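# Pasting the sequence and the predicted model now:
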Amino acid sequence: MNITPLVPISTPAEELQADYQSGWVVGKLRVGQSHLFFREGGETCCVPYSAVRYCYRRIEATPARLCCGAGNLETEYLMLVGEDGQLAKIQVPDGRAGKVLLERLRPLIPHAQFRKPEDAPADD
């Protein structure tokens with residue numbers, strides 16, 4: 001399996017594979033010891049924890065018309081932001097998984113801020 005890093009890294013492919021295989025799985029994410037892996041399209045991508053400056057949850061409401069009326073469908077994402085802007089926007093299965101995921105990431109990314117950066121665009 002090929003793993004595509006979203007930022008330049010010097011980690012050998014064998015170490016990436018080992019980190020991927022030993023990772024904790026939630027939805028389409030794998031939390032490794034030094035990288036976060038996720039599937040996007042037909043490929044597996046990774047982000048090294050050293051590149052992450054901000055990590056937070058985003059909940060987006062999508063207007064929907066259902067058989068019983070109208071309402072909003074909520075989709076939750078894990079947002080990763082680096083020095084140069086957004087690194088990844090990864091869909092999370094549900095709110096409970098998003099909360100557990102952030103708690104798992106806190107000790108792995110101690111240098112990151114677990115909140116939305118002030119200069120990020122406002123949620124709609």
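Nice, thanks for sending it over.
# contacts, neighbours, all on C-alpha from now
OK.
# and residue 94, how many residues sit next to it?
The tally of other residues near residue 94 (other C-alpha atoms under 10 Å) stands at 14.
# Can you give the contact residues for stretch 10-25?
With contact meaning C-alpha atoms under 8 Å, 6 or more residues apart in numbering, stretch 10-25 is reached by 3, 30-35, 37.
# go again using 10 Å as the cut-off
Defining contact as C-alpha atoms under 10 Å, 6 or more residues apart in numbering, one finds that stretch 10-25 is touched by 1-5, 29-38, 44, 46, 48, 101, 104.
# Could I get the CA-only coordinates of that stretch as PDB?
The C-alpha coordinates for stretch 10-25 follow below in PDB (Å, rounded to 0.1, in the frame of the first residue of the first chain):
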ATOM      1  CA  SER A  10      11.900  12.000   5.900                       C
ATOM      2  CA  THR A  11      10.300   8.900   7.500                       C
ATOM      3  CA  PRO A  12      11.200   5.700   5.600                       C
ATOM      4  CA  ALA A  13       8.300   3.800   4.000                       C
ATOM      5  CA  GLU A  14       8.800   0.800   6.300                       C
ATOM      6  CA  GLU A  15       8.400   3.000   9.400                       C
ATOM      7  CA  LEU A  16       5.200   4.600   7.900                       C
ATOM      8  CA  GLN A  17       3.800   1.100   7.200                       C
ATOM      9  CA  ALA A  18       4.500  -0.100  10.700                       C
ATOM     10  CA  ASP A  19       3.000   3.100  12.200                       C
ATOM     11  CA  TYR A  20      -0.100   2.600  10.000                       C
ATOM     12  CA  GLN A  21      -0.500  -1.100  11.000                       C
ATOM     13  CA  SER A  22      -0.200  -0.400  14.700                       C
ATOM     14  CA  GLY A  23      -2.600   2.600  14.600                       C
ATOM     15  CA  TRP A  24      -5.900   2.900  16.500                       C
ATOM     16  CA  VAL A  25      -8.800   2.900  14.000                       C
END
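# where's residue 86, which helix or strand?
strand 85-92 (DSSP states H and E).
# What helices and strands are in contact with that strand?
Strand 85-92 sits against strand 29-31, strand 35-40, strand 43-48, strand 54-66, strand 69-82, helix 95-105, with contacts defined as 3 or more C-alpha pairs under 10 Å, 6 or more residues apart in numbering; DSSP states H and E.
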